[in-house]
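Peer 1: what's the 3D shape of this:
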Amino acid sequence: VEAGAGGGWFWAIGTVASAFPRAHVAQEWRENEPQTEPEPRWVQVIPATPTIRHGYPVGMSENALNRTPLYARHGQQGAKIVPFAGWEMPLHFGSILEEHHATRTSGSIFDVSHMGRLSITGRSAESLLERVVTRKIAGMKDGQARYGLACQEDGGTIDDLIVNRMGPEDFLVVCNGANREAVVEHLRAHNKHGAGISDDTMGSTMVAVQGPTAVQRMTARWPHLAEMKRYRCGLIEHGEHVLFVARTGYTGEDGFEIIAPNTATEAIIEVLDDLKEHNVVDAGLGARDSLRLEAAMPLYGHELSETKDPISAGLRFAVTLEKDAPGFVGQEALRQKAEQGVPTTLVGLNIDAPRAARQGAVVKHQDEVLGHVTSGVVSPTLQESIAMAMVDTTWSSEGTKLQVEIGRSVAEATVVPMPFYKRP
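Peer 2: Below is the predicted model:
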C-alpha cells in the first residue's frame, strides 16, 4: 500500500454492521429507497464507501498459479481448468458454443477474479488518475464508471481499464490481470502527491453476470439495480454483506459485474447458485473471448499493446486530448497521431471461409501485405468467419476487398463496420 492509503472501497469483514452504523445507512441512503421495497434489499447508486479492506488471500496451486475463491465451485460444476495470466481459470464447463449462445439468449456467469482491482484514494487520487488515464476523470460523478487507457509517453498502450468513482477521494480501477503489476508500477511512478494505492486483487472475488435473464433475476432481487444505467456503479446488501456492483461487462450484452471481499465469498456463491436456478449458466474464458470479439471489444496483446496505440485501435472516443497541462502520459504523442493520421488502423473483416483466421494471419491485397489479423473466430451468433485486423490505413475503408491467409489457403475478405453484433 502506498503512503496515504487510509480509505477505499474494499472490506475486510464485509458486513453492514461492522462497516458503519445502521443510523448512518438510514441518514445517507434510505432517502433514495422506494417505499415499496422491503428491507434489507437496497442499493446505493452513488455510494459513500466504507473505509475498510483487505480480505483473505486467494489460494495457490502446486504449480504456483493463483486460484480464485471460486476454484472449488468450478470443479464441482465440471469446469475445464487452464492456466491464464498467472491463474487457474475455467476455459469452459462443457461447451464453449453452448455457453456463448446462453449468454446471448438467457444469461451466463463468468469468474473474472483474475482481473486487477486497485483502490486509489486520498485528496490527490483524482489528479493522479487524470495524469495516468486517457479519459477525463475530474468530471465524473460519484457512482460513475468510465472506460479509458493507460499509455506510455509514445502513446503505446500499457493497459485498458475501467475507473469507478466511488466518492470524491475514492476510486476503484479494474485492469487486465496480466497487466496488473505494470499498471501499479505506472501509478506509483506518477504518484507525486501521496495518493493511496492499494492492490486489492488477492483479497477479493469478481464475477460477471451477463445476458437478459441474468439482468432480470438481479433486478428482481434488488429492484434498485433496474435504475442503474450502463457504466454506473454502487453497492447492494446481501444478508450481512455489502457487495460492489457495476453495470458493465465484456460480452456485448447487458449485465453486471460484482466484487466482494473473500470474506463474503459464500454470499457471492449464493447469488450464482440462485442465478443457475433461473436458467443462467456457468461460462468460461472460451465463450468470453468469442462474445467480446463479436462485440468488437479489444483484448490486450491482440488489438492493444505497447506498440499499438488507442488511436490506431479505433478508441479515439476513450482519449481526451483536451486535458490541461500536464495532461495524461502520452497525450502529446496521441494528439499528433490524431491530427496527422496513423499508418495502420483496426478494421473488421467478414471472411469468406469456413475456418477462423487466427492472430497473426496475413492480410493482403493480391501480393501486397497490408497487415495482420489481431483476433478471429467463426461467430457462433452470425454463423460466419469474422476478424479484427490491423491494416494499412489506405485500405481501411468499409467495403474494401482484401484477402486473408488461413493456413495454406487464401480467403476473400471484406472490410465491414464494427461491432459485428449489437444486442437487440
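Peer 1: now Leu285: how far from Thr68?
Peer 2: Shown here: Leu285 relative to Thr68, a distance of 12 Å by CB to CB, to the nearest Å. C-beta: built from backbone N, CA, C; applies to glycine.
Peer 1: same question, Thr320
Peer 2: In terms of CB to CB, Thr320 sits 34 Å off from Thr68.
Peer 1: so for the two, which residue has more residues nearby?
Peer 2: Thr68 (24 against 18; other CB atoms under 10 Å).
Peer 1: what's around the nearest residue to the more buried one once chain neighbours are set aside, how many residues?
Peer 2: Nearest residue to Thr68, sequence neighbours excluded (CB to CB, 6 or more residues apart in numbering): Ser113, at 3.7 Å. Other residues near Ser113 come to 26 when the count uses other CB under 10 Å.
Peer 1: what do you get for Tyr147?
Peer 2: The burial count for Tyr147: 18, using other CB under 10 Å.
Peer 1: is it bridged to anything, and to what?
Peer 2: Judged by DSSP bridges, the bridge partners of Tyr147 are Ile162.
Peer 1: check the gap between the residue lying closest to Asp111 once chain neighbours are set aside and His302 for me.
Peer 2: Distances taken as CB to CB, 6+ apart place Leu70 nearest to Asp111, at 4.9 Å, with adjacent residues excluded. Leu70 sits 26 Å away from His302, going by CB to CB.
Peer 1: in terms of neighbours, single out the busier of the two.
Peer 2: Leu70 (25 against 19).
Peer 1: the more buried one and His114 touch, don't they?
Peer 2: No - applying CB atoms under 8 Å, one finds Leu70 not in contact with His114, separated by 11.0 Å.
Peer 1: for His101, list the residues it contacts.
Peer 2: Neighbouring residues of His101 by CB atoms under 8 Å, 6 or more residues apart in numbering: Pro380, Thr381.
Peer 1: what strand or helix carries it?
Peer 2: If you go by DSSP states H and E, His101 is part of helix 96-105.
Peer 1: what is the distance between that helix and the centre of its chain?
Peer 2: Per CA atoms, centre = their mean, to the nearest Å, the displacement of helix 96-105 from the mean C-alpha position of its chain is 19 Å.
Peer 1: so in that sheet, which strands flank the helix or strand that that helix is followed by, and in what orientation?
Peer 2: Of the helices and strands lying after helix 96-105 in sequence (DSSP H and E), the nearest is strand 108-111. With DSSP bridges as the test, strand 108-111 is paired with strand 204-210 (antiparallel), strand 281-283 (parallel).
Peer 1: contacts for strand 108-111, please.
Peer 2: With CB under 8 Å, 6+ apart, strand 108-111 has contacts from 68, 70, 74, 89-90, 99, 102, 205-211, 214, 251, 272, 275-276, 280-284, 287-288.
Peer 1: pLDDT averaged over it - what is it?
Peer 2: In this model, strand 108-111 has a mean pLDDT of 98.
Peer 1: how far away from the center of its chain is the helix or strand following it?
Peer 2: Sequence-wise, the next helix or strand downstream of strand 108-111 (DSSP H and E) is strand 116-121. Using CA atoms, centre = their mean, the mean C-alpha position of strand 116-121 is found 14 Å from that of the whole chain.
Peer 1: repeat that for stretch 118-130.
Peer 2: Taking mean C-alpha positions (CA atoms, centre = their mean), stretch 118-130 and its chain are 19 Å apart.
Peer 1: which parts of that stretch are buried?
Peer 2: For stretch 118-130, burial by neighbour count (16 or more other CB atoms under 10 Å) applies to Leu118, Ser119, Ile120, Thr121, Gly122, Ser124, Ala125, Glu126, Ser127, Leu128, Leu129, Glu130.
Peer 1: and the end-to-end length of it?
Peer 2: Stretch 118-130 has an end-to-end distance of 16 Å (CA to CA, to the nearest Å).
Peer 1: could you do stretch 76-95 as well?
Peer 2: End-to-end distance of stretch 76-95: 16 Å, with CA to CA as the criterion.
Peer 1: hang on, the earlier thing: and the residue nearest to Asp111, what does it touch?
Peer 2: Here Leu70 is in contact with Asp111, Ser113, Thr205, Val207, Thr265, Ile268, Ile269, Leu272 (CB under 8 Å, 6+ apart).
Peer 1: point out where this protein drops to low pLDDT.
Peer 2: 1-63 (pLDDT under 70).
Peer 1: what's the domain layout of it?
Peer 2: According to automatic domain parsing, the chain comprises the domains 1-295, 342-424.
Peer 1: and of these, who's closest to Glu306?
Peer 2: domain 1-295 (4.3 Å; CB to CB).
Peer 1: off-centre distance for the closest one?
Peer 2: From the chain centre to the centre of domain 1-295 is a distance of 9 Å (CA atoms, centre = their mean).
Peer 1: renumber starting at 20 from here on
Peer 2: Sure, I'll start numbering at 20, so the last one becomes domain 20-314.
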